[in-house]
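S.K.: Any chance you can model this:
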Amino acid sequence: MLKSFLKPIKLPASADFGVLILRVGISCLMLTHGYAKLSGYLGGDHAFADPIGIGEELSYILTILAEFGCSILLILGLFTRAALIPLIFTMLVVVFIVHGPDSFDKKEHGVSFLITYFTLFFTGPGKYSIDSKLYR
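M.R.: Model prediction:
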């Protein structure tokens, strides 16, 4: 069951290339957010929001793992669908909890990431990924 979840689906060649661009492009954009949080955390700044009530430091660490760690997996196309789950969850928290009461212009950035992550979740990583080599 796990293998079928992680296995990429067959796409036309042009779609595979498009998925590669989308996967790497959105991950590079998210890496900037994750790297800034990682640098801050390693620099001793452990203050962070606790939007779901699990503690500031744990929220910070999980956000760093999602935004930085999962983005690297996404660039590589390794465990793509599994890596997208924490990213989707993080953006859902950002859009609906952190910026829940705000106007749409404050949510737009998170919604853009969410749309892309859901698209990649349904298409899979494409042919140009480590997953496609692992799950032939």
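S.K.: can you list the weak-confidence ranges in the protein?
M.R.: Residue ranges of the chain with pLDDT under 70: 1-2, 6.
S.K.: Helix, strand or coil: sort out the residue in it sticking out farthest from the centre for me.
M.R.: Computed with C-alpha atoms, centre = their mean, the residue of the chain farthest from its C-alpha average is G44, at 24.6 Å. State at G44, reduced to three classes by DSSP: H, G, I helix; E, B strand; the rest coil: coil.
S.K.: Also the one 3 residues further on?
M.R.: A47 carries the three-state label coil when classified by three-state DSSP.
S.K.: Roughly how far does it sit from D16?
M.R.: Distance of A47 to D16, computed by C-beta to C-beta, to the nearest Å: 42 Å. C-beta here means a position set from N, CA and C on the backbone, and glycine is covered the same way.
S.K.: okay, the two: which has more neighbours?
M.R.: Taking other C-beta atoms under 10 Å, A47 and D16 do not tie; D16 has more neighbours (19 against 10).
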